[in-house]
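Participant: Sequence first, predicted model second:
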Amino acid sequence: MASRPRTLPAAVAPVLVGTAAAVEASDELRLGAFVAALVGSVFIQIGTNLANDYSDAKRGADSMDRLGPVRVTASGLVAPRRVLVATWVAFGVAVAAGIYLTAVAGPVILAVGAVSILAGVLYTGGPRPYGYAGLGEAFVFLFFGLVAVNGSYYVQVERLDWVPFALSILVGFLSTAILVVNNVRDTDTDRRAGKRTLAVRMGRARSRALYTGLVASTYIGLPVALLSARGPAWGLL
């Protein structure tokens, strides 16, 4: 429950997009690199969700009157220490995948993975969690859009290109939209807990407009991105 499986498509989609772009460009698939990238992305997402569950409960942000899925730490379903151990186990799996990818595509991948894990922990943890300062959307756009798509492309062909970069922006928009709608749901309880998310700062009406804009921009931007980067028309599907 704490791993929030409904959020995991946001970790799977960028790997599929980046890998598909690489196969289109090279007509080859490094199956091991694809599986490792998928495992790494999913477990970074799971680790971030677990860390978020633990840290929000510790800071008192998850009150019993909040809407949405049950948070296992705050509700007492699971002991905080067990959630913390599960967090590091998830990140450990991601590190193992990163080590394999490093052997395949070079040390830059391990550095990217390490920064991604650190960002996941500091989202709601640490002395100054940036998720409490309205920067969560920027994190999601960067790591579940730009980094995940282009990283998945890189481990296949060991270079970067305009097609995956253009598509990574659109994937980032959709991933960000997920967080926006979650934060709109939690606006009242976050405000009371002192969690100054972007939705708290902007208010519900402007946050809903942002959500609409992100989703609309994705579908409007897809043909533009494919045309400008000379990507395949099949990408429109």
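Facilitator: That came in fine, so what should we check first? Numbering: from 1, shown residues only.
Participant: Could you look up the next helix or strand downstream of the helix or strand containing residue 85?
Facilitator: Secondary structure from DSSP states H and E places residue 85 in helix 80-105. Taking DSSP H and E as the definition, the helix or strand that follows helix 80-105 towards the C-terminus is helix 108-122.
Participant: what's next to that next one, contact-wise?
Facilitator: If you take Cβ atoms under 8 Å, 6 or more residues apart in numbering as the criterion, helix 108-122 is touched by 40, 44, 47-48, 51, 91, 94-95, 97-99, 101-102, 129-130, 139, 143, 147, 151, 154-155. Backbone N, C-alpha and C define where each C-beta goes, glycine included.
Participant: Go through it and flag the buried ones.
Facilitator: For helix 108-122, a neighbour-count test (16 or more other Cβ atoms under 10 Å) marks 109, 110, 112, 113, 116, 117, 119, 120, 121, 122 as buried.
Participant: now do stretch 27-39
Facilitator: Using 16+ other Cβ under 10 Å, the residues of stretch 27-39 that count as buried are 30, 33, 34, 36, 37, 38, 39.
Participant: Now render those residues as TSV, adding secondary structure and pLDDT.
Facilitator: As requested, the buried residues of stretch 27-39 are exported to TSV (DSSP: H, G, I helix; E, B strand; the rest coil; pLDDT from 0 to 100):
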residue	secondary structure	pLDDT
30	coil	96
33	helix	97
34	helix	98
36	helix	97
37	helix	97
38	helix	97
39	helix	97
